[in-house]
Structure formats: structure tokens, C-alpha cells
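Student: take a look and give me a structure for this.
(one chain, ligands or ions: 1)
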Amino acid sequence: MKKFEPQPGFVVQAFRFALDPNATQEAALWSHCGAARAAYNWAVGWVEASWWQRKAEESYGIPEADLTEWRPWSLPKLRKMFNEVKKTDPRFCGWWEENSKEAYSTGLANAAAAFDNYAESQRGERKGKTVGMPRFTSNKLLKRLSRRVSRRQGPAVYDPVTGRTTRREPSKRWLKANEDRNKVHHRVADLRTDALHKLTSGITAEYVTVVVEDLNVAGMLRNRRLARKIQDAGFGEIRRQITDKAGWTGGTTIVANRWYPSSKTCSNCGVVKAKLSLHVRVFTCDACGLVIDRDENAATNLAALAAASTTGTGLAGDPDARASKPRGADQKTRATRTRRTMDAGRAGGAVPQQRKETRDRHQDTQASRFGGTVTDLPGGNVRIAEA
Ligand SMILES: [Zn+2]
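Tutor: Predicted coordinates:
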């Protein structure tokens, strides 16, 4: 996409919108993303097929002039070709009409740009890192490689009659396929790591105080419906990175106790619901009638908690306050911590004391090493650590 250049004398104001689609709209959005990806993958495959063909022909000693022609990768050419293919190719003909043609066009444009970048890079006309050949988008490649692995003779044999699995020596072809798959697997993981770092760096750069909820991730992973989503989001990792990075910049990370009912508490009147199912996305208060987005309600509560802790006047931040247990939260597993109080001073003031709990030690030491603060919230289990 071309960079937007404002006319002289004009100021550019950027707006960022969050989409709030209903279920049907969301499905359509996903479908269009899939369409763009499918078109992109088709274009990469179609163009590169001629490259592989030429390579093979060269190896047979066919003269340059007689080699199969390069397939073009300009957007108009790709579009023209794709419009013919989509009607007959079994990969598209059943469903291409369900999405806007712009979705496919986007995928094709991305492929064209990727080939342009690659060609420029090959000619030495492109600054920066060498650009590799356009690749299939990762999840498709991963699926394809996984299929290949499962078709080859692996180390385990499953006998459908006895239901037993026995070990055997895997074939060389299996080992090779498995290695290829693992490589892509790692690349996908790297992409995610990169995205996480960008997210957490952005958050800590923008905000001095960050509140992180100490969610029971291990427990949530046991919930099958949640597990996949949580693992993809890398919750624990997000929290760890934010705590570290806030420490580096002298920011404060506040960890809300996992029993603090951030979602169940009304951010207007403070009344706590006994239950709030996950699928209920809108919080409606039975006491004061407040109607608010579930996440916004939770965020408001956490912000109030943070404000209380950083000013030192609220119950959470005041080490001498005899705070009640979090309202309405059913505290099931955790024993109450030993109450610890320390003077909140500047960095380099008080010496951190040895603590008994090991659970949060990593984050605390990380943050305090760089002069940051980690506070555990709320209530009776108040702890303020400052190096
Ligand atoms: Zn209320």
C-alpha cells in the first residue's frame, strides 16, 4: 500500500477503531481473511510452479530458449488468471462467491508485492535484509507438512484391532519430514513471540502503571474449551514480559489477586454478582441497573484498584489497612499470605526481604532489579515490594 502523503499545510489526525462484530459478521470477517490467504497461497503456488518446472528442465539439459516461460506475478495478471481458475479449481469453485472479490484481490496483491520484493532483493536493489522467496502462509504449510509426516513410517504403530501402540525404527523419510515440520512449527512460534514482544513493549511504553490479573492459567488450561485460546494468547508470557519491561522503564506493575472478582463486581456501585458465565459479554448490574461491556467493567475495576494502590489511600495499597477479603469471591485453594509491610521508598532504598512464597518471586526480582515496583492486590493479602 502507498504511504499517505498529506498536502502541504494539512495536519493528519489518526483514528483507531475497534470493530465490534456480531456472530454473523465475525464469521464473515474470518471467511474473508481465509479467502485472502487462499488466494495468496494459490498465487505463490502458481507462480513458483514455473520456477520449479524451469529448474527441472535445466537439469535435463534443455537449452535456455526452450525452457517453460516464467509465469507473471503482476497483480493484473494474477487477477486475470485467478478469475479463470476460481470457477473450476476444486479449491475455490464451491465457495469463492461467498466472499467479496476484494478479499481475493488483497491476497493476490500481497503475493505480487512479495514476489516484487524478492525479485528486487535478488537484483540487489533492495535495502535491508535479503528477502526470501514468497512462502505459503504458515498454517497451510504446517498442515501440509504434518500430513506428510503422518503418511510416512513413523516411530509408533497403532494397531486398530488390539488398540495398542508399539515402537519401531522410523524411516529416514519420516525423520526428514518430521524435521521439516518442526522447523515450520518453530517459525510459527517465533512469529507469535515477536507479536507478543511488540504488544508488551507497546503497553509498557505507553503506560506507567499496568494492572495484570493473576489468573489461574493452569486451572483454565484444564477447561477444554478455554485451553486452546489461552495457549494461543500466551497469557503467562504476556504477564511476565510486562512485569519485566515495566521494571526496565521504572514503571509499576500491579498484579491483581486471582480471587479479585474484577468481572463480577459492578464498577458503578460495587455490588458483586455470585456468578457470571463466560459467554455473558455484557455486564448488567441487578442493584443499580448499570449496563456495560464485560471487559470494560473489569478494566474499570482494575483501574480503580490500581489507583487505590498507587495513591496509598485505598485499601489495597495501604499496608496498615485491615482490608476485608475480596467481596463475593470464593477463595478456594490459596492459603492467606503472611502479611508483609515495607516502607514504600525510592528505588535503592529498602532492602527486599526474603519471602516465603516462591510463586511470584521471579517477577518481583526482575522488576525490583531495575527499580520497578510490583504490588500484589488486593485486600488482606497486600504486599508491596520495592527495591
Ligand atoms: Zn451496580
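
Student: show me where this structure has its helices.
Tutor: 23-59, 75-85, 101-122, 138-151, 172-206, 217-221, 224-233, 235-248, 294-311, 361-369 (DSSP state H).

Student: looking at those, which is closest to the ion?
Tutor: helix 294-311 (9.5 Å; Cβ to the ion). No exception for glycine: its C-beta is placed from N, CA and C like everyone else's.

Student: got a pLDDT number for Arg144?
Tutor: Looking at Arg144, its pLDDT stands at 82.

Student: actually Thr249, sorry about that
Tutor: pLDDT, Thr249: 77.

Student: quickly note the distance from the spatially closest residue to it that is not a sequence neighbour to Ala304.
Tutor: Of all residues not flanking Thr249 in the chain, Thr204 sits nearest, at 5.9 Å (Cβ to Cβ, 6 or more residues apart in numbering). The gap separating Thr204 from Ala304 is 21 Å, by Cβ to Cβ, to the nearest Å.

Student: more neighbours: which of the two?
Tutor: Remark: of Thr204 and Ala304, Thr204 carries more neighbours, 22 against 17, as counted by other Cβ atoms under 10 Å.

Student: distance of the closest residue to Arg164 other than its chain neighbours from Asn117?
Tutor: Spatial nearest neighbour of Arg164, excluding adjacent residues (Cβ to Cβ, 6+ apart): Tyr158 at 7.7 Å. Computed as Cβ to Cβ, the Tyr158 to Asn117 distance reads 45 Å.

Student: which of those two has more neighbours?
Tutor: Neighbour totals were compared for Tyr158 and Asn117, and Asn117 leads with 14 against 10 (other Cβ under 10 Å).

Student: quick one: pLDDT of that one?
Tutor: For Asn117, the model assigns a pLDDT of 87.

Student: equivalent analysis for Gln7, please.
Tutor: pLDDT, Gln7: 83.

Student: same thing with Asp295?
Tutor: 88.

Student: count the residues that sit near it.
Tutor: 12.

Student: and what of His279?
Tutor: Counted with other Cβ under 10 Å, residues neighbouring His279 total 6.

Student: same question for Met220.
Tutor: Residues near Met220, counting by other Cβ under 10 Å, number 15.

Student: closest one to Glu5 among the helices of the chain?
Tutor: helix 101-122 (19.2 Å; Cβ to Cβ).

Student: run the chain-centre distance for that closest one.
Tutor: Relative to the chain's own centre, helix 101-122 is displaced by 25 Å; criterion: Cα atoms, centre = their mean, to the nearest Å.

Student: remind me what that helix packs against, helices and strands.
Tutor: helix 23-59, helix 75-85 (3 or more Cβ pairs under 8 Å, 6 or more residues apart in numbering; DSSP states H and E).

Student: reformat those helices as TSV; add mean neighbour count.
Tutor: Below are these laid out as TSV (neighbours: other Cβ atoms under 10 Å):
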stretch	mean neighbour count
helix 23-59	16
helix 75-85	16
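
Student: what about Asp214, distance to Thr243?
Tutor: In terms of Cβ to Cβ, Asp214 sits 11 Å off from Thr243.

Student: which neighbours do these two have in common?
Tutor: Counting by Cβ atoms under 8 Å, 6 or more residues apart in numbering, the contacts common to Asp214 and Thr243 are Val255.

Student: so for these two, which sits in the more crowded spot?
Tutor: Neighbour count, other Cβ under 10 Å: between Asp214 and Thr243, Thr243 has more, with 25 against 17.

Student: for the stretch 151-300 of the chain, what lies in contact range of the ion?
Tutor: Cys266, Asn268, Cys269, Val271, Cys285, Ala287, Cys288, Leu290 (Cβ under 5 Å from the ion).

Student: pull out the buried members of those.
Tutor: With burial judged by 16 or more other Cβ atoms under 10 Å, the buried subset of these is Cys266, Asn268, Cys285.

Student: so for Gly328, what's the pLDDT?
Tutor: Looking at Gly328, its pLDDT is 37.

Student: one more: the one 3 residues further on?
Tutor: Turning to Gln331, the model gives it a pLDDT of 42.

Student: go on, the one 5 residues further on?
Tutor: In the predicted model, Thr336 carries a pLDDT score of 38.

Student: picking that back up, if you average pLDDT over each of the helices of the chain, which is lowest?
Tutor: helix 361-369 (a mean of 41).
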